[in-house]
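Student: just the structure for this:
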Amino acid sequence: MTPLLSSTLRLDEVRIAYDGGRGRHVAVDQFSLALDAGQIACLLGPSGCGKTTVLRAIAGFEPVRAGRISLGEVTLSSATVHLPPERRRVGMMFQEYALFPHLTAAQNIAFGLRRQPREAQHARAKELLALVGLAEAGGRYPHELSGGQQQRIALARALAPSPALLLLDEPFSNLDVDTRERLTAEVRDILKHAGQTALLVTHNQAEAQAMADHVGLMHNGRLARWDGVTRT
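Tutor: The predicted structure is shown next:
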């Protein structure tokens, strides 16, 4: 399989704030990190610490008040720039897999490739079904798949357009413990095989350590620590 065209992600002194009845609430402040192409990182912290807000800002769903978010040589967000989400080359996988129940696994994977020729769609779906270990499941519908299989199809769908960066928002939270532990390792292997740059958010420390090359600990909207993960 040809590696995906991934890019280095940089956040420099990013601030994200909201105006409300009680004044401005700063959700994320002075947030900086660099994630090299092909690396997997995780933002770890409790609910409300700002980790999902960071993900949404990278995806283009939240504006940046100060600082800069860039992917490769392209500025995605700053105080004066806001590239629309559809132009960011950023894929996103949410907690809810949101597979279309009336489409087969292969059709779900190819959904984001509708502008490509039909043969190219079929070839890409077949390639990704093999990558996620479900080569024989292309004709099955979501209700015919286990939770873990649905998760892998959702991952394949997110990878289908070859994003420069993949964002994963608590992707294992809806799975039982045994399935979550198994799929964490499987998904890491899939992303590494694809050469995909990826950023995950979770509140599960074991999941972060098993999945990522770098773990960032978030506290009150700031990055408190940024550590590499040692693997044996």
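
Student: can you list contacts of stretch 184-193?
Tutor: Stretch 184-193 is contacted from outside by 1, 38, 40, 131-133, 151-152, 155, 166, 171-172, 198, 207, 210-211, using CB atoms under 8 Å, 6 or more residues apart in numbering. Backbone N, C-alpha and C define where each C-beta goes, glycine included.

Student: ugh, wrong one, stretch 70-89
Tutor: Stretch 70-89 has contacts (CB under 8 Å, 6+ apart) with 7-10, 12, 14, 57-61, 63-69, 90, 163-165.

Student: repeat for stretch 212-228
Tutor: Taking CB under 8 Å, 6+ apart as the rule, stretch 212-228 contacts 16, 26-33, 35, 39-45, 49-51, 53-54, 200, 208-209, 229.

Student: now do that stretch, average pLDDT.
Tutor: The average of the pLDDT scores along stretch 212-228 is 94.

Student: before we move on, what about stretch 170-184?
Tutor: Across stretch 170-184, pLDDT averages out at 81.

Student: do the same with stretch 94-108
Tutor: Rounded mean pLDDT across stretch 94-108 is 89.

Student: in strands only, show me the contacts of stretch 70-89.
Tutor: Residues from those lying in strands, with DSSP state E as the criterion: Leu9, Arg10, Asp12, Val14, Ala66, Gly67, Arg68, Ile69, Val90, Leu165.

Student: just the pLDDT for the last one.
Tutor: Per-residue confidence at Leu165 stands at 96 (pLDDT).

Student: bridged to it, which residues?
Tutor: When assigned by DSSP bridges, Leu165 has beta-bridge partners Val90.

Student: how close does it get to Gly91?
Tutor: Leu165 sits 7 Å away from Gly91, going by CB to CB, to the nearest Å.

Student: what's the neighbour count on His102?
Tutor: His102 has 9 neighbouring residues, counting by other CB atoms under 10 Å.

Student: buried only: go through the contacts of stretch 212-228 for me.
Tutor: 16, 27-29, 31, 33, 35, 39-45, 49-51, 53-54, 200, 208-209 (16 or more other CB atoms under 10 Å).

Student: would you point out which residue is most central in the chain?
Tutor: Most central in the chain under CA atoms, centre = their mean is Leu167, positioned 1.5 Å from the mean C-alpha point.

Student: residues in contact with that one?
Tutor: Counting by CB under 8 Å, 6+ apart, Leu167 has contacts Leu55, Ile58, Ala59, Val90, Gly91, Met92, Met93, Ala198, Leu199, Leu200.

Student: go again using 7 Å as the cut-off
Tutor: Taking CB atoms under 7 Å, 6 or more residues apart in numbering, we find Leu167 in contact with Leu55, Ile58, Ala59, Val90, Gly91, Met92, Leu199.
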